[in-house]
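**Student:** Predicted coordinates and the sequence they were generated for:
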Amino acid sequence: MARFKPIHKGLKLLPVDFDRQVIPGSFEHALCHLVDHELDLSAFHARYKNDVEGASAYDPAVLIKIILLAYSRGLIHSRKIEAACRENVLFIAVSGDSQPHFTTLAAFVSGMNDTVAKLFAQILLICDRQGLIGREMFAIDGVKLPANASKAKSGTLADYQRQVERMELAAKQMLEKHQSADSAPTDDALIQREARKLERLQKEAQQLRDWLKNNPEDRKGSKGSIRLSNRTDNESAKMATSKGVVQGYTGVATVDEKLQIIVDAQAYGTGSEQALLLPVVKATATLRNADTVITADAGYHSEANLKDLAEQNINAYIPDNGYRKRDERYADQGVHAAKPDPLWNKAKQEKKSKCFRPADFRLAEDHSHCVCPVGKHLYSNGSNCTINGYVVMKFSGAKQDCVPCTRRKECLRTPEKTQIRQVSFFQGKRDPKENHIDRMKVKIDSDLGKEMITRRFATVEPVFGNLRGNKRLHRFTLRGKTKVDGQWKLYCMMHNIEKLANHGYAR
């Protein structure tokens with residue numbers, strides 16, 4: 001029988017040299033070199049006032065190393081990071097065996113505020129100094145992630161007011177029930193349960209009243225619409241994703257094409273991508289040059305955005321929702337629409353009409369009338385109308401022809417209510433002048449436009465694949481736009497440091 005050397009498992013005491021655990025060329029080596037020799041952490045040091053009195057604090061440099069190393073390993077929760085600092089040799093070596101409590105780690109991340117933006121900018125300058133930013137093309141995209149907020153606690157102020165009224169009514173009925181049952185013998189356990197339920201109901205009603213007092217107005221959306229508020233995180237938003245509706249934030253990243261460096265990272269409490277394009281473009285103004293091309297997906301496409309980019313003389317490629325139908329490369333995309341899950345196909349399903357359509361009516365050569373499928377004439381009641389920017393000719397049937405017709409059910413959607421049939425023939429656009437959307441369609445349909453779409457995919461999608469797949473960023477753990485924006489920047493900063501390590505930094 002073959003003999004093999006023994007394998008040791010479990011506890012074993014070993015002499016460990018911390019310096020030799022951090023291998024040159026690795027992410028942790030680049031991280032430690034950056035924090036120890038490159039980054040200016042004076043903004044963090046200014047927070048501490050324990051020069052003479054007070055206990056010693058954890059070095060901000062150590063906490064930054066721990067957080068970014070944890071994010072690079074897919075650890076986002078502070079309790080798991082604390083456990084890694086106790087049990088993982090690499091975390092022990094990078095932190096110098098500091099072992100901070102999870103509350104310290106959580107408070108450090110949530111309290112970074114604007115200092116994280118300064119760190120992000122410093123690392124971006126180092127990436128530029130190393131020649132990792134090409135400035136040929138910037139690709140913009142976003143990801144919608146759940147936040148530390150309850151989707152069930154979303155609504156308008158009117159919704160919350162109705163909830164308060166229902167809670168107060170339920171509490172009143174319970175009090176009346178208790179008062180009427182005081183004279184009758186009842187189970188003590190039942191009385192205690194009812195009392196706890198009443199106390200909980202009154203407490204929730206009071207919390208809701210306090211929230212309404214502190215938030216007297218609804219959140220405003222685009223074009224004066226009302227955006228749903230949220231009682232756990234009022235800066236988050238309810239957003240539709242491929243995984244269903246989530247209560248969270250949109251993390252937007254601008255990625256340079258050369259080596260996929262994230263040049264800008266922002267988090268917003270809205271799912272409307274159209275409103276996010278211009279702030280991101282403005283934030284990257286100092287990084288772009290005159291020849292930098294901006295690309296984004298169809299979610300950022302709008303007449304206002306395209307007009308603003310044109311006025312700024314920014315060369316941009318932003319496709320519309322229908323560009324795939326015009327591109328022969330996507331001719332076989334219909335096979336995906338046949339999948340049973342409705343989340344696969346977001347397009348509106350075409351309704352099969354049971355009535356006669358305009359194509360079933362024959363238009364006379366002189367446009368004076370049209371003939372219905374049973375041979376009756378419909379006469380013009382508007383030859384130069386405008387509907388949605390199109391020139392339309394409208395025709396209407398006669399009551400003596402339509403009312404006794406035996407095929408009314410095939411012609412009218414509601415024959416019991418409608419007496420006559422009306423038909424409209426669209427003749428073309430009213431205004432022949434080309435707008436920015438039309439110009440962009442021509443630009444996207446060109447050979448260069450198709451190439452830019454492909455280059456955008458290859459630039460920005462791998463970045464989100466790395467953050468969500470490899471680093472397991474599936475949700476934000478903080479509340480409030482400022483804190484979530486800081487956490488998003490930390491993840492994007494970690495991605496850039498990883499790029500630095502992979503391209504020879506500090507070797």
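**Tutor:** Cool, the structure landed.

**Student:** centre of the chain versus stretch 382-391, how much separation?
**Tutor:** 38 Å (C-alpha atoms, centre = their mean, to the nearest Å).

**Student:** Kindly export that stretch (C-alpha atoms) in PDB.
**Tutor:** Output in PDB follows, covering the C-alpha atoms of stretch 382-391 (Å, rounded to 0.1, in the frame of the first residue of the first chain):
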ATOM      1  CA  GLY A 382     -60.000  66.800 -41.300                       C
ATOM      2  CA  SER A 383     -57.400  66.600 -44.100                       C
ATOM      3  CA  ASN A 384     -54.500  68.500 -42.400                       C
ATOM      4  CA  CYS A 385     -54.500  67.500 -38.800                       C
ATOM      5  CA  THR A 386     -51.500  66.900 -36.600                       C
ATOM      6  CA  ILE A 387     -51.100  63.900 -34.200                       C
ATOM      7  CA  ASN A 388     -47.800  63.500 -32.400                       C
ATOM      8  CA  GLY A 389     -46.000  65.600 -35.000                       C
ATOM      9  CA  TYR A 390     -47.400  63.700 -38.000                       C
ATOM     10  CA  VAL A 391     -49.800  65.000 -40.700                       C
END
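
**Student:** Flag every buried residue along that stretch.
**Tutor:** Neighbour counts over stretch 382-391 (16 or more other C-beta atoms under 10 Å) mark Val391 as buried. Every C-beta, even on glycine, is put in place using the N, C-alpha and C of the backbone.

**Student:** which ones are touching Ser98?
**Tutor:** Applying C-beta atoms under 8 Å, 6 or more residues apart in numbering to Ser98 gives the contacts Tyr58, Asp59, Val62, Ile66, Cys85.

**Student:** nearest to Val484, of the residues you listed?
**Tutor:** Ile66 (20.1 Å; C-beta to C-beta).

**Student:** I'd say the closest one and Ile81 touch.
**Tutor:** Yes. The criterion here is C-beta atoms under 8 Å, and Ile66 meets it with Ile81 at 6.4 Å.

**Student:** Between the two, which has more neighbouring residues?
**Tutor:** Ile66 (26 against 23; other C-beta atoms under 10 Å).

**Student:** Quickly find the element holding the more buried one.
**Tutor:** Element membership for Ile66 (DSSP states H and E) is helix 60-72.

**Student:** contacting residues around that helix?
**Tutor:** Under C-beta under 8 Å, 6+ apart, the answer for helix 60-72 is 27-28, 31-32, 35-36, 39, 41, 44-45, 76, 80-81, 84-85, 90-91, 94-96, 98, 100, 104-105, 108-109, 119, 471, 473, 490-491, 493-494, 497-498.

**Student:** Tell me which helix or strand comes right after that helix, heading toward the C-terminus.
**Tutor:** helix 78-87.

**Student:** Keeping just the C-alphas, turn that next one into PDB.
**Tutor:** Coordinates of the C-alpha atoms in helix 78-87 are reproduced here as PDB (Å, rounded to 0.1, in the frame of the first residue of the first chain):
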ATOM      1  CA  SER A  78     -18.200  44.800   9.000                       C
ATOM      2  CA  ARG A  79     -18.600  41.700  11.100                       C
ATOM      3  CA  LYS A  80     -17.000  39.500   8.500                       C
ATOM      4  CA  ILE A  81     -14.200  42.000   8.100                       C
ATOM      5  CA  GLU A  82     -13.600  41.900  11.800                       C
ATOM      6  CA  ALA A  83     -13.400  38.100  11.700                       C
ATOM      7  CA  ALA A  84     -10.900  38.200   8.800                       C
ATOM      8  CA  CYS A  85      -8.700  40.500  10.900                       C
ATOM      9  CA  ARG A  86      -8.600  37.900  13.600                       C
ATOM     10  CA  GLU A  87      -8.300  34.700  11.500                       C
END
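
**Student:** helices or strands up against that helix?
**Tutor:** Helices and strands touching helix 78-87, by 3 or more C-beta pairs under 8 Å, 6 or more residues apart in numbering; DSSP states H and E, are helix 60-72, helix 89-95, helix 102-110.

**Student:** Find me the pLDDT at Gly134, would you?
**Tutor:** Note on Gly134: pLDDT of 95.

**Student:** I'd say it and Gln260 touch.
**Tutor:** No. Here Gly134 lies out of contact with Gln260, judged by C-beta under 8 Å, at a distance of 10.3 Å.

**Student:** More neighbours: which of these two?
**Tutor:** More neighbours surround Gln260 than the other of Gly134 and Gln260, with 19 against 13 (other C-beta under 10 Å).

**Student:** and that one, backbone torsions?
**Tutor:** Backbone torsions for Gln260, taken as degrees, to the nearest 10, come to phi 60, psi 40.

**Student:** Where do the strands of the stretch 201-350 of the chain begin and end?
**Tutor:** 219-220, 226-227, 229-230, 237-241, 244-256, 262-268, 293-296, 316-317 (DSSP state E, counting those that start in this stretch).

**Student:** Can you get me a residue count around Ala275?
**Tutor:** Ala275: 17 neighbours (other C-beta under 10 Å).

**Student:** Quick check: the gap between it and His301.
**Tutor:** Separation of Ala275 from His301 (C-beta to C-beta, to the nearest Å): 12 Å.

**Student:** What of Asn502?
**Tutor:** Distance from Asn502 to His301, by C-beta to C-beta: 34 Å.

**Student:** same thing with Arg3?
**Tutor:** On the measure of C-beta to C-beta, Arg3 and His301 end up 69 Å apart.

**Student:** okay, those two: which has more neighbours?
**Tutor:** His301 (21 against 4).

**Student:** if I read this right, the more buried one contacts Asn321, doesn't it?
**Tutor:** Yes. Using C-beta under 8 Å, His301 makes contact with Asn321 at a distance of 7.2 Å.

**Student:** Need the overlap of contacts for those two.
**Tutor:** Joint contacts of His301 and Asn321 (C-beta under 8 Å, 6+ apart) do not exist.

**Student:** all strands for the stretch 351-500 of the chain, in order.
**Tutor:** With DSSP E, counting those that start in this stretch as the criterion, the stretch 351-500 of the chain has strands spanning 362-363, 369-371, 377-387, 390-396, 422-429.

**Student:** Identify the neighbouring strands of the second one in the sheet and state each direction.
**Tutor:** Within its sheet, strand 369-371 is paired with strand 362-363 (antiparallel), strand 377-387 (antiparallel), according to DSSP bridges.

**Student:** Show me the one of these that comes nearest Gly465.
**Tutor:** Using C-beta to C-beta, the nearest of those to Gly465 is strand 377-387, at 44.2 Å.

**Student:** Tell me how far that closest one lies from the chain's centre.
**Tutor:** 45 Å.

**Student:** That strand - what's its average pLDDT?
**Tutor:** 83.

**Student:** Distance check, Val62 against Ser380.
**Tutor:** Distance from Val62 to Ser380, by C-beta to C-beta: 82 Å.

**Student:** Ok, Cys127 next?
**Tutor:** Taken as C-beta to C-beta, the span from Cys127 to Ser380 is 67 Å.

**Student:** And for Ala121?
**Tutor:** 66 Å.

**Student:** pLDDT value on Ala337, please?
**Tutor:** For Ala337, the model assigns a pLDDT of 59.

**Student:** quick one, phi/psi of Asp40?
**Tutor:** phi -90, psi 110.

**Student:** I figured it was touching Gln122, is that so?
**Tutor:** Yes. Using C-beta under 8 Å, Asp40 makes contact with Gln122 at a distance of 6.6 Å.

**Student:** who has more neighbours, these two?
**Tutor:** Comparing Asp40 with Gln122 by other C-beta under 10 Å, the one with more neighbours is Gln122, at 16 against 10.

**Student:** Number of residues surrounding the closest residue to that one other than its chain neighbours?
**Tutor:** Distance criterion C-beta to C-beta, 6 or more residues apart in numbering; nearest residue to Gln122, sequence neighbours excluded, is Leu39 at 5.5 Å. Around Leu39 there are 18 other residues, counting by other C-beta under 10 Å.

**Student:** For Leu39, give me its contacts.
**Tutor:** Contact partners of Leu39, counting by C-beta under 8 Å, 6+ apart, are Ala61, Ile64, Leu119, Gln122, Ile123.
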